[in-house]
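**Q** sequence and computational prediction follow.
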Amino acid sequence: MSNKSASAPELYVRSEETQTEPRKHRNTNINMPAEDSAMLYDPSLNTHYLPYAESRHDRNSSRMSRLFTDRPSRLAFLSYVYVLLGIQVVLSTGQWLLSTYRWRPQLNGPERNFNMLLLFLTWVNLTLAFLGFRRLQLIYPLNWIIFLCMFESLTLLIMFLCVRELDLTWYIILIGLAVLLIYTPLGLWRPPCLTTNLWILIFLSITVFLTSTLALLTGLAMHLYLPLTFCVTLFGPWTMYNTFRLHVISRDRYSRFGYLEQAAKMYIAFGCTVGGLVVVTRIASGSIESESCRAVAFCHKRSVSITYGPGN
């Protein structure tokens, strides 16, 4: 009985030690190697310590990097492209109309050619650099500066192309706008069984056949038929192809400033359409069209008569 009474306090002391043992262990400092402690508190491995491990400078820099590298949604990306394209078209159209009907600069041939050469070289270098080196498209604000310089150099190039003849008239610009507005929606759809290039080739063949047939039946003048042929065979399919490429672009290309590249490509097609129509119309009116048909839209069809020589 005495043994039991003597061992009772000992059991009580042991039970009290077992209850306080986790608390003591929790308060003791465990000596760990430096490598293990670094791995345990590495912010990249343990996300619980990430907000406390980052400094304020790191958080601000990460926010800025996300601001310029986040990918917009598909709808936002397409909206950016078409809004930028519309702004470029409106600004360029205003400059061309003002130069033809209001400004009318007086330049001789060598001055016009020198300005055109400088603008052409500037536009080519900027375009190749911007479209060829993708890093330039992501550096803010250098990408916007190059984008605006590309737009203005191409606009001024087309302006100086027609600054002496003043043949960049409103109906040429209207035809360019019609090509853009007609062929852009046509690029939104293609037959599922055909590739993009094959569908564009088939559509081109159909439109060339229809326009040629209508031109022959109505007696369309050559100074109108030749620009129409170039629109159907070159400028329209080019716009159609750009729209195809824009809408089938992959999700990983939706970078923060990827819409600048697509808007620049679509405006280049529009600017080349207007400038090409001016050159083609000038060649057709001055070299191909007869003098009796230059001022009319439809020439009278001459009957084809078979003549025989004196011996027949």
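**A** Right, received. Where do you want to start?

**Q** thought Thr233 was touching Thr211?
**A** No. Assessed by Cβ atoms under 8 Å, Thr233 is found out of contact with Thr211, at 9.4 Å. No exception for glycine: its C-beta is placed from N, CA and C like everyone else's.

**Q** got the contact list for the nearest residue to Ile249 once chain neighbours are set aside?
**A** In space, and not counting its chain neighbours, Ile249 is closest to Gln262: 7.5 Å by Cβ to Cβ, 6 or more residues apart in numbering. Residues near Gln262 by Cβ atoms under 8 Å, 6 or more residues apart in numbering: 81, 242, 245-246, 249.

**Q** what residues sit buried inside the host helix or strand of Gln262?
**A** Counting by DSSP states H and E, the element that carries Gln262 is helix 258-283. Buried residues in helix 258-283, counting neighbours by 16 or more other Cβ atoms under 10 Å, are found at 258-278, 280-281.

**Q** how far does that helix sit from the chain's center?
**A** Averaging C-alpha positions (Cα atoms, centre = their mean, to the nearest Å) puts helix 258-283 13 Å from its chain's average.

**Q** so where is the stretch 201-312 of the chain shaky, pLDDT-wise?
**A** 250-257, 300-312 (pLDDT under 70).

**Q** how does it look with 90?
**A** Counting by pLDDT under 90, the stretch 201-312 of the chain shows low-confidence ranges at 215-224, 245, 247-259, 282-312.

**Q** so where do the helices sit in it?
**A** Per DSSP state H, counting those that start in this stretch, the stretch 201-312 of the chain carries helices over the ranges 222-230, 236-247, 258-283.

**Q** quick one: the residue nearest the centre of the chain and Met116, what's the gap?
**A** Note on the chain: the residue nearest the mean C-alpha position is Gln262, at 0.7 Å, using Cα atoms, centre = their mean. Gln262 sits 27 Å away from Met116, taking Cβ to Cβ, to the nearest Å as the criterion.

**Q** please apply the same query to Ile172.
**A** Using Cβ to Cβ, Ile172 is found at 18 Å from Met116.

**Q** more neighbours, these two?
**A** Each of Ile172 and Met116 has its neighbours counted (other Cβ atoms under 10 Å); Ile172 has more, 21 against 17.

**Q** now for the spatially closest residue to that one that is not a sequence neighbour: which residues touch it?
**A** Spatially, and ignoring its direct neighbours in sequence, Ile172 is nearest to Leu277 (5.2 Å; Cβ to Cβ, 6+ apart). Residues in contact with Leu277, defined by Cβ under 8 Å, 6+ apart, are 172, 175-176, 227, 230-231, 235.

**Q** please apply the same query to Glu289.
**A** Residues in contact with Glu289 (Cβ under 8 Å, 6+ apart) are 221-223.

**Q** any idea how far Tyr80 lies from Tyr267?
**A** In this view, Tyr80 and Tyr267 are 13 Å apart by Cβ to Cβ.

**Q** residues near the residue nearest to Gly109 when sequence neighbours are not counted, how many?
**A** Closest residue to Gly109 apart from its sequence neighbours, by Cβ to Cβ, 6+ apart: Arg164 at 7.4 Å. Residues within reach of Arg164, counting by other Cβ under 10 Å, total 15.

**Q** how near is Arg164 to Leu194?
**A** From Arg164 to Leu194 the distance is 45 Å (Cβ to Cβ).

**Q** cool, and Tyr171?
**A** Remark: distance between Tyr171 and Leu194 (Cβ to Cβ) = 35 Å.

**Q** now do Cys149
**A** Taking Cβ to Cβ, one finds Cys149 at 39 Å from Leu194.

**Q** for the two, indicate the residue with more neighbours.
**A** Each of Cys149 and Leu194 has its neighbours counted (other Cβ under 10 Å); Cys149 has more, 16 against 13.

**Q** let me see the backbone angles for the residue nearest to Gly109.
**A** Dihedral pair for Arg164: phi -90, psi -50, per degrees, to the nearest 10.

**Q** contact partners for it?
**A** By Cβ under 8 Å, 6+ apart, the contact set of Arg164 is 107, 109, 112.
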